[in-house]
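**Student:** Dropping a prediction and its sequence here:
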Number of protein chains: 4
Amino acid sequence: MKQPTQRDLQAESRRTQLLDIALALFAERGVENVSIKDLAAEADIAPGLIYHYFASKDDLLAAVFQRYSPLPEFEAVIEQMSDLPAREGLQHFANGMAAIMGQKRAVIRLLARELLSPRASSLAVVVSFRATVVARLQDTFQRWIAAGELKPHEPLVTVHMLVSSLLILLLLEQPFELLIPQFVATIMDGIQA
Amino acid sequence: MKQPTQRDLQAESRRTQLLDIALALFAERGVENVSIKDLAAEADIAPGLIYHYFASKDDLLAAVFQRYSPLPEFEAVIEQMSDLPAREGLQHFANGMAAIMGQKRAVIRLLARELLSPRASSLAVVVSFRATVVARLQDTFQRWIAAGELKPHEPLVTVHMLVSSLLILLLLEQPFELLIPQFVATIMDGIQA
Amino acid sequence: MKQPTQRDLQAESRRTQLLDIALALFAERGVENVSIKDLAAEADIAPGLIYHYFASKDDLLAAVFQRYSPLPEFEAVIEQMSDLPAREGLQHFANGMAAIMGQKRAVIRLLARELLSPRASSLAVVVSFRATVVARLQDTFQRWIAAGELKPHEPLVTVHMLVSSLLILLLLEQPFELLIPQFVATIMDGIQA
Amino acid sequence: MKQPTQRDLQAESRRTQLLDIALALFAERGVENVSIKDLAAEADIAPGLIYHYFASKDDLLAAVFQRYSPLPEFEAVIEQMSDLPAREGLQHFANGMAAIMGQKRAVIRLLARELLSPRASSLAVVVSFRATVVARLQDTFQRWIAAGELKPHEPLVTVHMLVSSLLILLLLEQPFELLIPQFVATIMDGIQA
DNA sequence: GATGAATGAGAGTTCATTCAT
DNA sequence: GATGAATGAACTCTCATTCAT
């Protein structure tokens, strides 16, 4: 186990810089509208150097996802919500989502765009992300149903509604903070008079 | 007022053929992953001919939307739902959506993808589509609320939840028929025990 | 020798229309910036019809030159000038040029442009035009020199200076009427104090 | 202040090579008859590489003008002529022109062709070139007139005659050395007996 | 005489990627 | 680690020309 040399440190910082830039540009303009040259120009390096750090553009994208994945945050929120009563838990979840989306707007937009793009499944990271989040949420709902706090129902439905609603707002670049409590209220109580 | 000649018919059928092919390929692979040459090859014609019928690739895309727009169907469904009581109306709407999405899966996917893409608003058709549908739905909800059938609430919330949920399912190429009644039930009654 | 039928007349008028349009557009934008489609659109006919009247775009250009050639006018002016004393003759020539250039601005610009273009000699009309004009002018000058009205000199020099000056003005779309007397005065008297 | 490396030298030489080839082909065949592929083939490189050195074909053309501009030579000649008496000055100018045109035949043809083309003023270099030369020459003539060496007259006339005559000869690919003294003699003394 | 659908080569340009230096 | 010269295929789009109708 050797010490990181000066070079290692520089390399690491360059890698990070590239990931940052890639995240920003990809999210803003869409992956296919950002060329390797654009990235290099933004980083003030030669285009070729990018291939020293990443095997390909796709690989760079995957690395962006890996590095900035909002998964840990999501998992934390889900963890916390599962100890609360249903309504509060749901509220907590929605608030947590809002907070995460606020901080990690760029990756999430990127992730969502990739998730919906036709070539989707090519990126393993993207796919596994979705699977993980959905699974964890379903668990929690199941527990609430078992505890009699919620009607017996397919939790996938609720989860899907909530997440879809937020996702679309995010993609359309519209503010979601204000709507979140209303989403939660609707899901809990319905709209029937 | 002259009869369409043989030539006119042939031209019309070629135009239609191109629109069909464009719709199919664009929806399947995404607009930017389909080249003019791909389209020409699929239609078994010379690439240049496409420009005889359409001024540009964007123009072709716009023509696809215009020809296959699901807007009339959506408007019809919304029209019908507004005469029903809330729950049935919502059910009708959801079923109508399911039916339309079943028949017009390809355009809708295409439309949705364009709607969410970073260059979005470049295509007027796409933008006006969203605006129209949302406006019509809001009207109907307002009426239900005024009639005391629904709680006073912001109908945009409900509309957004419902439409987003269906849209995401469509984009992920997942079956939505089964989930629709559950979406409706949740929205009407909530999930609280 | 048969009478021209209705059809012959129509054909002739169409041919003339096409030549007119070609002249106007070619002169204004340059031959290579005018497509067959542009011409057809301007004439309100189908592109293919042009090939019924002319074998190719080059052939059309040649026909334009033939039909609108300013050669007869130039020859007339040269004819007239040769009967006058030198100074008056030159003045007459210059004025004649000005007049012709005023009326036939478009063909002359076109002719000049072709004359100077790299593919020049491909068009026989263009080349023979220049040769003819120069030959006729030289003759006249020779006569004046022989008559002792002008110094012995190479008339090609004077002719070239005069014609080049006018030509360049024409090509640069600048007014030449005002300068013509000064060209003549300079050529006759020089500028030495 | 660093040394040019091997790579820098190679790049510079490639740039030069491309400019040379562009100059030669453009002058010979005309800009619009030379494709990027032609240039690449002549240089024995991939077409894309040209865009590594120049942003566009127009940019390449502009760079050709900048690199090979005969403006410094013209300015030098004009500078020198302005210190001489009129006749000698004019002679010097004409000889200088002949010399420059001999050495820089290709650029000048190119420049002249662009100057006369319908799209002309698109290239700033071209326009400013003409303006500069004309202005400098007018100055000099004004001084000669003021000094009583030349008749009072509009120097633009003389300048235009002289330059047009040479330009047309150049464009027609005809030898001009022999005619130059005669141009000068005519302009100074006229041709009247 | 007239149409316009169809061709197919070729235009300028972009871009992910490689590799000698 | 870093450079940027070099590649070559692919892109959208234009155009003179042909020919069945």
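**Tutor:** Received it, and whenever you're ready, just let me know what you need.
**Student:** And stretch A:133-147, what's buried?
**Tutor:** Across stretch A:133-147, burial judged by 16 or more other CB atoms under 10 Å in any protein chain shown covers A:Val133, A:Arg136, A:Leu137, A:Thr140, A:Phe141, A:Arg143, A:Trp144, A:Ile145. Backbone N, C-alpha and C define where each C-beta goes, glycine included.
**Student:** By pLDDT, rank the residues you listed and give me the bottom one.
**Tutor:** Within the set of the buried residues of stretch A:133-147, pLDDT is lowest for A:Val133 (83).
**Student:** correct me, but it touches A:Phe74?
**Tutor:** Yes: with contact defined as CB atoms under 8 Å, A:Val133 reaches A:Phe74; the gap is 5.6 Å.
**Student:** Find the nearest non-adjacent residue to A:Ala24, please.
**Tutor:** Computed as CB to CB, 6 or more residues apart in numbering or on different chains, the closest residue to A:Ala24 that is not its neighbour in sequence is A:Ala106, at 6.3 Å.
**Student:** surely that neighbour meets A:Ala22?
**Tutor:** No: shown here, A:Ala106 and A:Ala22 do not form a contact pair, counting by CB under 8 Å, at 10.2 Å.
**Student:** and A:Leu84, what is it in contact with?
**Tutor:** Listed by CB atoms under 8 Å, 6 or more residues apart in numbering or on different chains, the contact set of A:Leu84 reads A:His92.
**Student:** ditto for A:Leu90
**Tutor:** Counting by CB under 8 Å, 6+ apart, A:Leu90 makes contact with A:Met81, A:Leu162, A:Val184, A:Ile187, A:Met188.
**Student:** near DNA strand F, from those residues?
**Tutor:** For DNA strand F, no contacts are drawn from the contacts of A:Leu90 by CB under 7 Å from any atom of the strand.
**Student:** Quick one: residues in contact with the one helix or strand in chain A whose mean pLDDT sits lowest.
**Tutor:** The weakest-scoring helix or strand in chain A, judged by mean pLDDT, DSSP states H and E, is helix A:124-146 (a mean of 83). For helix A:124-146, contacts defined as CB under 8 Å, 6+ apart pick out A:62, A:65-66, A:69, A:71, A:74-75, A:78, A:81-82, A:86, A:89, A:93, A:111, A:114-115, A:120-121, A:150-153, A:155-156, A:158-159, A:163.
**Student:** where's the closest residue to DNA strand F within chain A, which helix or strand?
**Tutor:** Taking CB to the nearest atom of the strand, DNA strand F has its nearest neighbour within chain A at A:Gly48, 1.5 Å off. Following DSSP states H and E, one finds A:Gly48 within helix A:47-53.
**Student:** can you tell me if that helix touches DNA strand E.
**Tutor:** Yes: judged by CB under 7 Å from any atom of the strand, helix A:47-53 and DNA strand E are in contact via A:Pro47, A:Gly48, A:Tyr51.
**Student:** And A:Leu162, how far from A:Val134?
**Tutor:** Separation of A:Leu162 from A:Val134 (CB to CB, to the nearest Å): 11 Å.
**Student:** swap that for A:Met161, sorry
**Tutor:** Going from A:Met161 to A:Val134 by CB to CB gives 13 Å.
**Student:** So for those two, which residues contact both of them?
**Tutor:** By CB under 8 Å, 6+ apart, A:Met161 and A:Val134 have no common neighbours.
**Student:** follow-up on the earlier one: which of the contacts of helix A:124-146 are buried?
**Tutor:** Using 16+ other CB under 10 Å as the burial test, those include A:62, A:65, A:69, A:71, A:74, A:78, A:81-82, A:86, A:89, A:93, A:111, A:114-115, A:150, A:155, A:158-159, A:163 as buried.
**Student:** out of the residues you listed, which touch chain B?
**Tutor:** Applying CB under 8 Å from any CB of the partner chain to the buried ones among the contacts of helix A:124-146, one finds that A:Ala86, A:Leu115, A:Leu150, A:Thr158, A:Val163 fall near chain B.
**Student:** now, among these, which is nearest to chain B?
**Tutor:** Comparing those against chain B with CB to the nearest CB places A:Leu150 closest, at 5.1 Å.
**Student:** Who does that closest one form a beta bridge with?
**Tutor:** A:Leu150 forms beta bridges with B:Gln192, as assigned by DSSP bridges.
**Student:** Model confidence for it, exactly?
**Tutor:** pLDDT recorded at A:Leu150 is 92.
**Student:** which residues sit in contact with the residue of chain A found nearest chain B?
**Tutor:** Closest to chain B within chain A is A:Gly190: 3.4 Å, counting by CB to the nearest CB. Contacts of A:Gly190 were listed using CB under 8 Å, 6+ apart, and they are B:Thr186, B:Ile187, B:Met188, B:Asp189, B:Gly190.
**Student:** With A:Ile108 instead?
**Tutor:** Going by CB under 8 Å, 6+ apart, A:Ile108 touches A:Pro70, A:Ile100, A:Met101, A:Leu170.
**Student:** Need those residues in JSON lines (columns: distance to A:Arg14).
**Tutor:** Formatted as JSON lines, those follow (distance: CB to CB, whole Å):
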{"residue": "A:Pro70", "distance to A:Arg14": "24"}
{"residue": "A:Ile100", "distance to A:Arg14": "28"}
{"residue": "A:Met101", "distance to A:Arg14": "29"}
{"residue": "A:Leu170", "distance to A:Arg14": "30"}
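**Student:** Give me the subset of those residues lying in helices.
**Tutor:** Secondary structure defined by DSSP state H assigns A:Ile100, A:Met101, A:Leu170 of the contacts of A:Ile108 to helices.
**Student:** Compare these and tell me which is most surrounded.
**Tutor:** Among those, the one with the most neighbours (other CB atoms under 10 Å in any protein chain shown) is A:Met101, at 21 neighbours.
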